[in-house]
Structure formats: C-alpha cells, structure tokens
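> missing the sequence, but the structure's below:
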C-alpha cells in the first residue's frame, strides 16, 4: 500500500461545520464562532477528529462566504480573529484539528486585488484576473460579444462586462466571483503567502474549493454549444494543463516540512479516478485526498434540477470503481452530505417517520466502512432531512434563485404567449418542486439542537427558516436516546478508531447486480468484516454463498434488534449489519 499506516487522517473522521447555520451565540439570527465554541463538547462526545469550517472570511455573502473579500481576517458576522484563535485553541485542547475552507480559484469582486485590477488596463494587477475584450468585430455589450461562449455554474454567461474599460472578466460562478489568473506567478505567490499565514497561526490544513479549476487553457477556446445558447467550457478549465504543476508548487511553498500533521483536501468537480490517483499519490506531493462528485451526480439528468431517480446498481458501480482505482495508491474521501448537497436521508433513504432513523443509520454504516476518510456534515448525525420551502421567497441560495429566474424567463419566451399566467404558474410549480428536492438550501437550514423556539439555534429569527421537524429531530432528544442516529454515528466512529481493518483493510464488492442489497467485505491480516445494507423499504435476502456462515459470525453493529438468523441473511427494511470473523480465504 502506497500510503503509510502512519498517515493520521486514514483513521480520522471529519465534521463539516457551516458556521452561518450551526449555532448563534450573538443573537442576530446568524451562526458564529462563539456558537461553534459553545458546542465543542458535543463534537468531542461524537468523537470526530477534524473540524472543517466553511468560509468565515470577510465576504459580501453573495455566495454564502465562498466570495472572499479578505483572506486574512474574520467576517464580523462570525466574530473576530481573537474569537477564531480561542476556537482553534479549544479545539486543539480537546484533541481536534481545525481545517479552513479556502477558495482560491476566485475572489469576491470586492477584494482589494480585484478592485485594483479593474482600475484600468494598465494597472499592475490587471493580469491577476482573466480580462478579455469582446469578440473580434463586435461591440462590447452586444449579444454574443462575450470573449467565449462559456456558461456560468450559476446560470448565464461566465463573462461580465466592465463598462469603464470595455472588457469582460471571467467568473465561472457568480458575477461577483471573478476568477484569479493562476498563470501569473504574482498571484500564486500571494496565495501561498496567505496560506502560510494561516498555518503559522495554528490551522491544521485546508479544504480547497474547486481547486482543479485554477488552471485554464490560456487560449480560452469556446466550449461545445448547449441548450440556451451557452457553451460548456469545462474541458478547458477542469484539471487544466498546469494543474499538477500548480499543486506541486503549492506543496513546496506552503506544506513542505510540516505536511505530516496537516490535512489537504481538494474539491474537484469532474475529476476521474485516473486523475485522482495522480492528485493523491503521496510521491507526487499534491493533496492528501480529493472530493469527487460522481456518486452525487448519479441521480441527475441534464442538470441537478432534473433528477432522474436513484439506482443502487449505479451507486455500487461508482463506489466500486473508486475503491478499486485508489486501492494501491492515493486515498478516498467518503461523503453523502455537505453544504452543496440535499440531505441524504431524503435523497437516497426514506425520511418518513417510520424509516428515517433506520435508513439514516444504514446509509452511515455503508459509507463509513468503505476505505477512505469519512466526512459528516452538520446534522447528518441526527438524521436531519430536507427542509420545507413553501415558495421561492423561502430560498436563499444564489444557485437556486438564479435557476428559478432563468427557468421562468425561458418559459416566458417559449412556444406559448408571454404573459400566459397559467403557463407561468405551471413552470414555477415545476421549478419549485425541483428546488425543494435538490437545492443547496436543504443543507443550510439551522442545526436542530432542541425542540424549542428556533430549534435552539438562535434567540432571534434565523437567516433561513428552521425545519419544522426539529420538534422531534434534535440533538437533545438524540443524546438522550441510546438507540438514536447520533449514537449510531458514535459507534461507527469508534469502530474506525479502534479497528485498523476499517482504515487499512482491503475492499471487495459483493452482489454487484443486487438491486436492494449493498454488500462488501473489508480484510486485514487474519480479520474479515462483512458490511450489509438494505437500500429499500422491503425485506431483502443477501444471497451470499456463505450466508449461513456469516449469520453465525460476530455481529458488531446493526440498526435493528438482533434476531437468530442461522440459515441465511434476511435483511429487514433499511437494515444494516456488520459482521466480523477470522478470514477463511
């Protein structure tokens, strides 16, 4: 195995905190650092090893903090640098590391770097961002005059016209998130200096947002045309021509000499298994692990808001490919949820009152016992579900709001007459249904601490609505119930800490064509574990050749009361089981 067993993060569990929605100590309806500090004992009791904070830097909050206007300070809405230092010290005192969410593909348009860059074409920092004139022979601002046909991830063109200079700047996301030009060595030096500043302050690493987009083809060619008139530019900026060079340079300039105690995670949309092997090969000195998106795109059609339904066979094929592909080199990140994904119990499980807790436990068990480092997103350990959004005014996410506006605009100029109220209402209802299912806001509703007012998140009206089911799904209730989802997560984390087979064992997929049962083994030395999960609300038989032998083995963990099952492996709805025995092969 290429990775040494001494790599501490192989047996670690990471907990992601979305600060705006975690806990509000100041009473303004927005979560803050003091609120996080007040809940460290809860996180210590859960057993997690690393806290990952979504961005807490100063920001106009156009994209919920992923538009950074100052890399070396804390946004006042969250507190101060002194508050951050206290949080860091208290996390360390409890044996937990703290990782920052760093966005260096782009900045806010209110960052001083961009403010200087847009002063004029001759400004020394003009080349810190991607500026281009209109297409040859076209006037700036005319339809189709953008330098390329690239589309933004948040709808519309990826180019924004600057009226003063008559040039456009590139923004792969919001127009308020201009992309940094990593071809400029001054940009890279400034970013590396900032990263060293945080590490010197005691931070334990970085989760790096869309880091595989920092290298663009300098020619910025058009992308393949798509519906709506824009093109797909991703082949020219996903894992671009200098991406490995840039990450290796980052390692030399920032992490070399101290990487043994740090964690570096690259969020990489569109990354393949083959590319991930390169990014995470320890000998190449790039990143420790990547976040890939393949498994959370399996239920999507032309985009995330056109879901196609869940297929267990597709999920097994995807996870199996990643487990096999990184078996001998590199490392996997394991996740169901994060700030960008709807709640997994509503997505791949069953969030009904009858099966919510059972399916949440099953999903957790299957995920955590793969080979890789598991990530828990706040509230996942409680089995939190998708939210209730009555109308578009309940949403806050820029992606969702832009999509809604663009979809209604498209309906208005379609085959029906503009102004047809019935058509507009139907289009709105269809889009709202998609948003309720897939919007990022599902993950961003306040953490459910209690059954009381505002779920115990804040004494003030929260910035986004609280899920009404907090009256029954909350941390207070789950801490008091030894059979809760929370305590199941504690048991899973303890298994990883206590048994090397979880972190280091070989992985073997079983029953790849079974449409109900997810089954695999983990082996290390003379020990073998069998993990079973029923991804359905009906009974299912795990048709293994040695089912009766496994049924007689030691049952380490399950989500139902154990019953005698000496003749086979009959799984109840949403049941999971983990067996252990000596390796007989």
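Done, it's in. All values reported here derive from a predicted model rather than from experimental measurement. Numbers count the residues shown, from 1 in each chain.
> quick one: residue 443 and residue 377 touch, right?
Yes. Counting by C-beta atoms under 8 Å, residue 443 touches residue 377, with 6.6 Å between them. Glycine gets a C-beta too; all of them are placed from N, C-alpha and C.
> shared neighbours of these two, which are they?
18, 337, 338, 339, 341 (C-beta atoms under 8 Å, 6 or more residues apart in numbering).
> and the third one, how far from residue 66?
Spatial separation of residue 338 from residue 66 under the definition C-beta to C-beta, to the nearest Å is 12 Å.
> who has more neighbours out of those two?
Ranked by neighbour count (other C-beta atoms under 10 Å), residue 338 and residue 66 place residue 66 first, with 24 against 21.
> what segments of the stretch 451-585 of the chain are strands?
Counting by DSSP state E, counting those that start in this stretch, the segments of the stretch 451-585 of the chain that form strands are 506-510, 517-524, 527-534, 540-541, 554-558, 570-571, 576-582.
> follow-up on the earlier one: now restrict the shared contacts of residue 443 and residue 377 to buried residues only.
Using 16 or more other C-beta atoms under 10 Å as the burial test, the shared contacts of residue 443 and residue 377 include 18, 337, 338, 339, 341 as buried.
> secondary structure, pLDDT and distance to residue 476 added to these, as TSV?
What follows is those, written out as TSV (DSSP: H, G, I helix; E, B strand; the rest coil; pLDDT from 0 to 100; distance: C-beta to C-beta, whole Å):
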residue	secondary structure	pLDDT	distance to residue 476
18	coil	98	20
337	coil	96	21
338	coil	95	25
339	coil	94	24
341	coil	95	26
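> now distance to residue 29 too, for these, in TSV please.
TSV is the format used below for these (distance: C-beta to C-beta, whole Å):
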residue	distance to residue 29
18	15
337	23
338	23
339	18
341	24
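> hmm, back to that, what's the closest of the shared contacts of residue 443 and residue 377 to residue 25?
Relative to residue 25, the closest of these is residue 18; by C-beta to C-beta it sits at 15.5 Å.
> dump the residue contacts of the closest one.
Contacts of residue 18 by C-beta under 8 Å, 6+ apart are 31, 54, 339, 377, 378, 443, 444.
> kindly report the same for residue 453.
Neighbours of residue 453 in contact, by C-beta under 8 Å, 6+ apart: residue 459.
> hmm, back to that, buried among the contacts of residue 18? Make that a ChimeraX selection.
To isolate the buried ones among the contacts of residue 18 in ChimeraX, judged by 16+ other C-beta under 10 Å, type:
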select :31,54,339,377,378,443,444
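> may I see the contacts of residue 18 arranged in a markdown table, with distance to residue 554 and secondary structure as well?
Formatted as a markdown table, the contacts of residue 18 follow (distance: C-beta to C-beta, whole Å; DSSP: H, G, I helix; E, B strand; the rest coil):
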| residue | distance to residue 554 | secondary structure |
| --- | --- | --- |
| 31 | 42 | coil |
| 54 | 40 | coil |
| 339 | 38 | coil |
| 377 | 31 | strand |
| 378 | 33 | coil |
| 443 | 36 | helix |
| 444 | 41 | coil |
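> closest one of the contacts of residue 18 to residue 533?
For the contacts of residue 18, the nearest to residue 533 is residue 377 (19.3 Å; C-beta to C-beta).
> now that closest one. Nearest residue, chain neighbours left out?
Ranked by C-beta to C-beta, 6 or more residues apart in numbering and with sequence neighbours excluded, the top spatial neighbour of residue 377 is residue 337, at 3.7 Å.
> ok, residue 149 next?
The shortest distance from residue 149 to any non-neighbouring residue, by C-beta to C-beta, 6+ apart, is to residue 231 (3.6 Å).
> isn't that neighbour up against residue 222?
Yes. Counting by C-beta under 8 Å, residue 231 touches residue 222, with 5.3 Å between them.
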